[in-house]
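# Okay, predicted coordinates and the sequence, questions at the end:
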Amino acid sequence: MKKKILGAALGTCVHVSGLYHFLKLAEAAGYETVLLGPAVSPQRLVNAIMEHHPDIAAISYRLTPTVAKSLFAELKELVEKNKLTSLRFVFGGTPPAAEAAKESGLFEKVFAGTEPLDHVKAYLYEAGELKKEEAFAQTLVERIQQKYPYPLLRHHFGRPSLAETVSGAKEIAESGLLDVISLGPDQGAQEHFFHPEEMDPAQDGAGGAPLRKPADMEAIYAASRRGNYPLMRCYSGTRDLLKWAEMSVKTIHNAWGAIPLCWYSVMDGRSQRSLADAIAENQQTMRWYAERDIPVEVNESHQWSLRDAHDSLAVCMAFLAAYNAKKMGVRHYVSQLMFNTPPGTSAGMDIAKMLAKTELIESLQDERFTVFREVRAGIAHFSAHPDVAKGQLAASAVISFALKPHVLHVVGFSEGDHAVFPKEIIESCNIIHGVLYNCLDGLPDMAGDPAVQKRKKHLLEEADVLLEAVKKVGVNFGGGGDPWSDPQVIEKAIQMGLLDTPHFRGNPHLCGKIITRLIDGAWYAVDSETGDVLSEKDRVARI
């Protein structure tokens, strides 16, 4: 039998919007609801309680707290007089009224309007005698289904000591603001976790949490089992990717794997794997996750943009990343779209680039391959001034809504100055929730802007030229297989400069001859002598 909640706005309060939405959440959680509406006197409320026999009475009040005190006192007297003291009461209103509600001693739970939505859901599930965990799905796909179009919020977290990271995970989970804690190991762990003899103790905590054994991961996960029970995930490690995958799934129930296609190799110096070896091992790790039906994100395209790659190359690499994931059997693909990268990219040109990536990637969708869009701000664009950075965080979020994201990867406003603390994660998430409250519904269609659409079309055409050029490398140098997933072909395309960035200059394993430039908010390949924009057709012909 369903439990029942009866709701009323008390006294002369006519504000029922919050109460109405609370009852809608209750219905979604399996309750039967009765709404008495606005301006309900204490006596009428008690009469309705005796008529409907609810399990919970939900009271709202948003007017003067001194009047609220007298109303609560009158209601409490009537409850005792009519022997209704076993009934559960819950309150929602303004913070001053909520303080009066707490002082009354009548309510088992008081909401002041500052709590995250997930806290309200948790109360409803707990009051309904369901396991609290049931309010919060524990797989990525189910959690997205539970919340969309409201995106899941994810944030990177890893303090330079294990104790800080454990206590921080607890604090973040208890806030109920974050859906995914993305655990960040230090560089020592990422490269040498399975080779402790190679670690340099002087580098402990550099860039993340100093994870040194599986029990460290388990301790962090255990600390997060509270609040809104956030999902947890971890990067792949820059070496021994399969071992990292096995351990992270076992210890923190890794919500999805984040694996590069070409990186964590001699290309960026984060391991000594050759390009072809790195690509082959990365593909093997994608397949491992696919065989266990765990979603995968190929952490690839923005790595090129972080090194000033021109936009059409970034679009090309976004497609190749998703193509390889599908080729390895991945069923649910997380498409990470990093805005504000390279520096100076304008909002309109950013949206156009992400729309081009998305159109190519989602062209791969079928009954075996589903794409989830994940947006994020670029870390390098954040000011070291906290107030400026907060504005940048909010603005980047609004711009990224043009992609209708399933996951919003929050980047804490402090990241331009220092590694984020739990309280800064909580504040950053509150900023994003505020943006979502105002902008999730009814935002004008930024994606439909003619200039955005024109640039998107151009990028798709240019990326197609580059993808065809990679195919030709396969014909000329490959072994007759699929060039877009052949490690040797992709390696050759990088070495000969088809896939190139200015930051590769000086790396003996790469090319580094390309010149790129920011023009009118977008990034182009240009002629090294004249500075004129080079089309992909002309650039490929020169190579």
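Cool, the structure landed. As the structure is a prediction and not an experimental result, all values here were calculated from the model.
# Report the backbone C-alpha coordinates of the helix or strand hosting Ala278 in PDB.
Using DSSP states H and E, the element containing Ala278 is helix 275-291. C-alpha atoms of helix 275-291 as PDB (Å, rounded to 0.1, in the frame of the first residue of the first chain):
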ATOM      1  CA  LEU A 275      52.700   5.700 -30.300                       C
ATOM      2  CA  ALA A 276      51.700   2.400 -31.900                       C
ATOM      3  CA  ASP A 277      52.100   0.500 -28.600                       C
ATOM      4  CA  ALA A 278      50.100   3.100 -26.700                       C
ATOM      5  CA  ILE A 279      47.300   3.000 -29.200                       C
ATOM      6  CA  ALA A 280      47.100  -0.800 -29.200                       C
ATOM      7  CA  GLU A 281      47.100  -0.900 -25.400                       C
ATOM      8  CA  ASN A 282      44.500   1.800 -25.100                       C
ATOM      9  CA  GLN A 283      42.300   0.000 -27.600                       C
ATOM     10  CA  GLN A 284      42.700  -3.200 -25.500                       C
ATOM     11  CA  THR A 285      41.600  -1.400 -22.400                       C
ATOM     12  CA  MET A 286      38.500   0.000 -24.200                       C
ATOM     13  CA  ARG A 287      37.700  -3.600 -25.200                       C
ATOM     14  CA  TRP A 288      38.100  -4.800 -21.600                       C
ATOM     15  CA  TYR A 289      35.500  -2.200 -20.400                       C
ATOM     16  CA  ALA A 290      33.200  -3.000 -23.300                       C
ATOM     17  CA  GLU A 291      33.200  -6.700 -22.400                       C
END
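# Check which helices and strands it sits against.
helix 241-252, strand 257-259, strand 296-298, helix 311-327, helix 487-495 (3 or more CB pairs under 8 Å, 6 or more residues apart in numbering; DSSP states H and E). C-betas here are computed from N, CA, C, even on glycine.
# outside of the first one, which residues touch it?
So the one you mean is helix 241-252. 183, 193-194, 214, 217-218, 220-221, 232-234, 236-237, 254, 257, 259, 264, 281-282, 284-285, 288-289, 292, 294 (CB atoms under 8 Å, 6 or more residues apart in numbering).
# any idea how far stretch 410-419 is from the chain center?
Remark: stretch 410-419 is offset 15 Å from the chain centroid, using CA atoms, centre = their mean, to the nearest Å.
# Identify each buried residue in that stretch, please.
410-416, 419 (16 or more other CB atoms under 10 Å).
# just stretch 420-427 next, same as before
For stretch 420-427, by 16+ other CB under 10 Å, it's 420-422, 424-427.
# one step back: just so I know, which of the helices and strands packed on helix 275-291 lies nearest Pro444?
Between Pro444 and those, the tightest spacing by CB to CB is seen for helix 311-327, at 23.7 Å.
# The helix or strand following the closest one pairs with which strands, parallel or anti?
Using DSSP H and E, the next helix or strand after helix 311-327 towards the C-terminus is strand 332-338. Neighbouring strands of strand 332-338 in its sheet, by DSSP bridges, are strand 296-298 (parallel), strand 370-376 (parallel).
# any idea which of the ones you listed is most buried?
strand 296-298 (a mean of 29; mean count of other CB atoms under 10 Å).
# pLDDT of that strand, averaged?
On average, the pLDDT along strand 296-298 is 97.
# Touching it from outside, list them.
Applying CB under 8 Å, 6+ apart, the contact partners of strand 296-298 are 256-261, 286, 289-290, 321-322, 324-325, 328, 330, 332-336, 374.
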